[in-house]
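Participant: Sequence and predicted structure are below.
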Amino acid sequence: MDPDQPSLTLNHQPMLTQPSVSESTWWTIVRLLRWDKPEGRLILMIPALWALFLAAGGRPDPVLVGVIVLGTLATSAAGCVVNDLWDRDIDPHVKRTQNRPLAARALSVKTGIAVAIVSFICAGMLALYLNPWRNPLSFGLCVGAVPVIVLYPLAKRVFPVPQLVLALAWGFAVLISWSAVSHSLEVPTGLLWMATVLWTLGFDTVYAMGDREDDRRLGVQSGALFFGQYAEVAIVTFFIGTAFFLGWMGIVMHLGLIYWFCLALSTLAWLSQGNELRQPNLPAATYAQLFRQNVWIGFLLLAGMVW
């Protein structure tokens, strides 16, 4: 980025479109929580389920599965609201985010804060199921994830690759779920954590590529801008690293043939994404499509881990 460019220049007219007058407040809150866009919720749930099923040998407690699923939904919802609160004066200037409820002023800041608090309370109640007295490690990791979630939106203002902060937040899903089963962290946990961090760096940098022009104009930090002309190479490197650590973990855990087949298909899909990213003048919608593909890649890997 140009060092002489002012940071977060917001003095031009925002690209604001008024929301439909017929939209109910409840549906506006659903949009605030991003529950109308399940891909972002599922892609956090996936590494949590990876860790849960692997730590439990493919047969986790069904109640714990429910707690983890609901916990990821509550946590990601809280993170989305916090993000929109921090960015409510930036989002109106970005085409992709201009109609978010807080950016479009369809909800007040007080409502946003209230929804965030409720979401965190729900996540906290679910974390109590892990029992801070019997499993202090897992519960402590839940608490430790909160500052990362709350402060992540600020990273784009001060850190050149904010996707790394998001990746670390995603990594907590692995650590919390694994320790919820085993009450400890093991070598395979670390390998899965590394794979998750690199995978998140990859797919979130893909997502950020669709916002490059807006981010450059506003002075917002982004890995897609930081890596510049080498962004595609960085993304492929992250995905290859993901496959490497997933393979290493598969060896350590003696996973079966189906897992290796699923990992091979996933790796081919990531390489295919890298090849597509090399094409010039891709429309912004393509980056969102490639991001969504990672949801299905994640579930494919989960199927290999379960079987």
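Facilitator: Okay, I see it. Numbering: from 1, shown residues only.

Participant: Just list the residues touching the nearest residue to residue 174 once chain neighbours are set aside, thanks.
Facilitator: Nearest in space to residue 174, with sequence neighbours left out and distances taken as C-beta to C-beta, 6 or more residues apart in numbering, is residue 51 at 4.4 Å. (Each C-beta comes from the backbone N, C-alpha and C, glycine too.) Residues near residue 51 by C-beta atoms under 8 Å, 6 or more residues apart in numbering: 173, 174, 175, 176, 177, 178, 181, 189, 192.

Participant: Helix or strand next in line after the lowest-mean-pLDDT helix or strand in the chain, which one?
Facilitator: Ranked by mean pLDDT, DSSP states H and E, the weakest helix or strand in the chain is helix 212-218, scoring a mean of 90. Per DSSP states H and E, helix 212-218 leads on to helix 223-226 as the next helix or strand towards the C-terminus.

Participant: before we move on, back to that, where does the residue nearest to residue 174 sit: helix, strand or coil?
Facilitator: Following DSSP: H, G, I helix; E, B strand; the rest coil, the label given to residue 51 is helix.

Participant: Helices along this structure, start to end?
Facilitator: Using DSSP state H, the helices of the chain run over 25-32, 38-55, 62-86, 109-128, 136-158, 162-182, 187-209, 212-218, 223-226, 231-253, 257-277, 284-306.

Participant: nearest to residue 100, of these?
Facilitator: Of all the helices of the chain, it is helix 62-86 that lies closest to residue 100, at 5.6 Å by C-beta to C-beta.

Participant: Tell me where the model's unsure across the stretch 1-150 of the chain.
Facilitator: 1-21 (pLDDT under 70).

Participant: make it 50
Facilitator: By pLDDT under 50, the weakly predicted segments of the stretch 1-150 of the chain are 1-9, 11-13, 16-20.

Participant: Would you quantify the distance from the most centrally placed residue in the chain to residue 212?
Facilitator: Nearest residue to the geometric centre of the chain (C-alpha atoms, centre = their mean): residue 44, 5.4 Å. Counting by C-beta to C-beta, to the nearest Å, the gap from residue 44 to residue 212 is 24 Å.
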